[in-house]
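Novice: Provide a 3D model corresponding to the input given below.
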Amino acid sequence: MKVTISTSYINAYSIYRGLKKLGIHSCTTDKHPALPIPACPLSRNTDYLFFTEESSLLLALTGNAPGKYFPQYFPLNLLDDKFEFALWLSNHKSLPNGLRQWPLDEYLNADYPCLIKAKSSWRETVKMPRGWICLSPRELEARLNQLASSEYFPNDFFIQEWIGDLNCKIVSVCGFFDSQNHKRNLVSVVERIASHSKGLSCSALIKTVEDNWNLIDDTEAILDQIGFIGPYELEYLILDDQKYVLELNPRFWMQHSIFLDNGNGLIKRYLGLDTHADHANSRLKDVAWIDAIYLISSVLRLRFRFVLRILFVLIDPSRRVSISPPLPIAILFVVRKIHKRMMMFLHQ
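Specialist: Predicted structure coming up:
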């Protein structure tokens, strides 16, 4: 079996490890892999494609990539478009809704504080900014003027309600979903405990939590409406008893190795290798995930608050811990990054 993975960072390396545990060789389409995954070009002999970002998934969904993959169907207008996804939810009254939002040309109608947010995480190969918080009309107009004269396209952004982040929780429902056979579903509810930076950021530490908000039921309703089959992560924002849908990642996401290190059921389902024993373990609990690269960087930069949070997770005997990538790989990655920066500095 020939398996090809898009990209080569943490989520891709987790797939590589999961496939290796099953005795399956895989490679990445990245010519210069960030983590040690064998590189190979995409070919017609590929049996399975694994996606860690939407641009490669889009190629497959439009018939421009060989091999089998999931999801085999997904509405293209909703793929990595947070604005369209929120509109789609608002048109289905039985489904949970997201935060209020406005197109940029309706900025006069926005309430404050608000957030100028990118519709997509990526624009082709360019990583989009996560957004800017605006506390007043003057601040919003100033940011819009800066955006109009920047390298970005204003049409790639929208305005979203901002309810703060101090009292909010970022909670995700994630796993594998099969709208045609719910017995195959694999799910976990995880909460962000620490992020890479303050404000708008990505998770550096997560842990499983109880579903006190009925998010699993909400997620199943959304994915059933789409007719979804495949790996996913659906993010929610929780404020007191209120819940808001943030975004849907219909692919392998950064923290999916929580399943890899606890039965490998996610990749088994993707390849159709799941058994009745796998179906009996349909809910993952009592697990934490740590971004090992960020952990090493935090130690070197003396970010003791994050390190202390890690220690509290590690000493909890009731919780299994998934560290991704493995520490030796993370250390090698950080050392190479530091060496590269030093060489660039010396050649200036």
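Novice: from here on, contacts and neighbour counts on C-alpha atoms
Specialist: Will do.
Novice: from the contact counts, what lies against the helix or strand harbouring residue 308?
Specialist: For residue 308, the host element (DSSP states H and E) is helix 304-314. With contacts taken as 3 or more CA pairs under 8 Å, 6 or more residues apart in numbering; DSSP states H and E, helix 304-314 sits against helix 292-300.
Novice: thinking again about what came up before, what mean pLDDT does the helix holding residue 308 have?
Specialist: For helix 304-314, mean pLDDT is 90.
Novice: list the buried residues for that helix?
Specialist: Under the neighbour-count criterion of 16 or more other CA atoms under 10 Å, helix 304-314 has 306-307, 310, 313 buried.
Novice: and which of those is nearest residue 300?
Specialist: residue 307 (10.7 Å; CA to CA).
Novice: where do the helices sit along the stretch 51-200 of the chain?
Specialist: Applying DSSP state H, counting those that start in this stretch to the stretch 51-200 of the chain gives helices spanning 54-61, 82-90, 137-148.
Novice: buried set for the last one?
Specialist: When neighbours are counted by 16+ other CA under 10 Å, the buried residues of helix 137-148 are found to be 137, 140, 144.
Novice: just checking, what packs against that helix?
Specialist: Secondary elements touching helix 137-148 (3+ CA pairs under 8 Å, 6+ apart): none.
Novice: excluding its backbone neighbours, what's nearest residue 47?
Specialist: Residue nearest to residue 47 in three dimensions, not counting chain neighbours: residue 67, with 4.7 Å by CA to CA, 6 or more residues apart in numbering.
Novice: tell me how far that neighbour lies from residue 203.
Specialist: According to CA to CA, to the nearest Å, residue 67 stands 31 Å off from residue 203.
Novice: which residues touch residue 330?
Specialist: Contacts for residue 330 (CA atoms under 8 Å, 6 or more residues apart in numbering) come out as 292-293, 296, 324.
Novice: which strand or helix spans it?
Specialist: Assigned by DSSP H and E, residue 330 falls in helix 327-346.
Novice: got the contact list for stretch 279-287?
Specialist: Counting by CA under 8 Å, 6+ apart, 183-189, 207-209, 258-259, 318-322 sit against stretch 279-287.
Novice: in strands, which of the residues you listed fall?
Specialist: Among the contacts of stretch 279-287, the members falling in strands (DSSP state E) are 186-189, 207-208, 320-322.
Novice: which one of the residues you listed is nearest to residue 111?
Specialist: When the ones in strands among the contacts of stretch 279-287 are compared against residue 111 (criterion: CA to CA), the nearest one is residue 189, at 31.1 Å.
Novice: one step back: which residues touch the helix holding residue 308?
Specialist: So helix 304-314 is contacted by 194, 205, 288, 290, 295, 298-299, 319, 321 (CA under 8 Å, 6+ apart).
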